[in-house]
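*Asks:* A predicted structure for the sequence below; I have some questions about it.
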There are 2 protein chains.
Amino acid sequence: MRRDIFQAVADPTRRGIIVLIALQSMTPNAIAEHFDTTRQAVSKHLRILTECDLVKQEQKGREIYYSLEIDKMKEIDVWLEQFRKIWETRFNQLDSLLSTIKKNKK
Amino acid sequence: MRRDIFQAVADPTRRGIIVLIALQSMTPNAIAEHFDTTRQAVSKHLRILTECDLVKQEQKGREIYYSLEIDKMKEIDVWLEQFRKIWETRFNQLDSLLSTIKKNKK
DNA sequence: TATATTTGCAACCGAATAGTTGCACTAAAT
DNA sequence: ATTTAGTGCAACTATTCGGTTGCAAATATA
């Protein structure tokens, strides 16, 4: 059973849940209301998210509030970093090309 | 058949391929040498990556060179943007907390 | 022309995935 | 004490996934 953050984020419902609980913690029932699926299915997604440390839970009586471990999302950001470097290089190349054109115009 | 960039990036082999052809185009055979899998499996991955516009191909005789459509990767970056905003808020809050502590020390 | 190389595609297979229903456990409300 | 509400977990199902093998098409080489 592969369980990493990229696989966690691959499912659209899970991405929805992640965004939903990014700013405020919510119970499974409350979360399920936002999606066209059963409470149990959401519960399953929450378990997967928990398994890769993407969410934390806080028990309050019989309710459990789930919220996002937002720092974990940085792992994706770290991976993207290498492409960001390439984007910047491309941008600088474009930038110097534009200034060359500009200089030649004068 | 769901086919979006998040699902494309979920598989570790595909992430490997993406990184591999980010800077230089390569043939399927050359790519397959870097992974512990058959050429056909790599070919399948390339098809999936093509289906979500992550790679482009250039035919040269009987060889086909694949390279990354690097701008497409920005779609992940765009989705991450919302979390980056939260990170920054948290950081600023921490920052102002630290200056408060510093001020109180004086 | 005959052969070797590079590739894509289809068929098949085992495992994983996302979903459902049903049930048990616990906490709150009556 | 009984009922209701909130939750997790197990069993089952249909579908998708990642991989393999085999084959056909096209290009290069002998």
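*Replies:* Great, that's in hand.
*Asks:* let me see the contact set for the residue nearest to residue A:22 when sequence neighbours are not counted.
*Replies:* Once flanking residues are discounted, residue A:22 sits nearest to residue A:68: 4.7 Å by Cβ to Cβ, 6 or more residues apart in numbering or on different chains. All C-beta spots, glycine's among them, are computed from the backbone N, C-alpha and C. Counting by Cβ atoms under 8 Å, 6 or more residues apart in numbering or on different chains, residue A:68 touches A:18, A:21-22, A:54-55.
*Asks:* near DNA strand D, which of those show up?
*Replies:* Filtering the contacts of residue A:68 for proximity to DNA strand D by Cβ under 7 Å from any atom of the strand leaves nothing.
*Asks:* show me those that map onto helices.
*Replies:* Of the positions in these, residue A:18 sit in helices, assigned by DSSP state H.
*Asks:* list just the nearest of the contacts of residue A:68 to chain B.
*Replies:* Using Cβ to the nearest Cβ, residue A:22 is the member of these that sits closest to chain B, with 6.3 Å.
*Asks:* what is the neighbour count of whichever residue of chain A sits closest to DNA strand C?
*Replies:* Residue of chain A nearest DNA strand C, by Cβ to the nearest atom of the strand: residue A:61 (2.6 Å). Using other Cβ atoms under 10 Å in any protein chain shown, residue A:61 is surrounded by 5 other residues.
*Asks:* backbone dihedrals for the residue nearest to residue A:22, please?
*Replies:* Per-residue torsions, residue A:68: phi -80, psi 140 (degrees, to the nearest 10).
*Asks:* find the nearest non-adjacent residue to the most centrally placed residue in chain A, please.
*Replies:* Among the residues of chain A, the one closest to the centroid is residue A:73, at 5.5 Å (Cα atoms, centre = their mean). Once flanking residues are discounted, residue A:73 sits nearest to residue B:83: 4.7 Å by Cβ to Cβ, 6+ apart.
*Asks:* okay, buried residues for whichever strand or helix holds that neighbour please.
*Replies:* Element membership of residue B:83 [criterion: DSSP states H and E] is helix B:74-105. Buried residues in helix B:74-105, counted by 16 or more other Cβ atoms under 10 Å in any protein chain shown: B:75-76, B:79-80, B:83.
*Asks:* which residue, other than its chain neighbours, is closest to residue A:54?
*Replies:* Residue A:54 sits nearest to residue A:72 (Cβ to Cβ, 6+ apart), 5.1 Å away.
*Asks:* which pLDDT does the model give that neighbour?
*Replies:* You'll see residue A:72 listed with a pLDDT of 96.
*Asks:* now swap in the one 4 residues further on and tell me
*Replies:* At residue A:76 the predicted local distance difference test score is 98.
*Asks:* show me the domain layout of chain A.
*Replies:* Following automatic domain parsing, one finds the domains of chain A at A:5-70, A:73-105.
*Asks:* coming back round to it: okay, the buried residues of helix B:74-105 in a markdown table with distance to DNA strand C next?
*Replies:* Listed next are the buried residues of helix B:74-105 as a markdown table, based on distance: Cβ to the nearest atom of the strand, whole Å:
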| residue | distance to DNA strand C |
| --- | --- |
| B:75 | 19 |
| B:76 | 17 |
| B:79 | 17 |
| B:80 | 19 |
| B:83 | 20 |
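*Asks:* list the helices and strands the lowest-mean-pLDDT helix or strand in chain A packs on?
*Replies:* One helix or strand of chain A scores below all others by mean pLDDT, DSSP states H and E: helix A:74-105, with a mean of 87. In terms of contacts (3 or more Cβ pairs under 8 Å, 6 or more residues apart in numbering or on different chains; DSSP states H and E), helix A:74-105 is packed against helix A:5-10, helix B:74-105.
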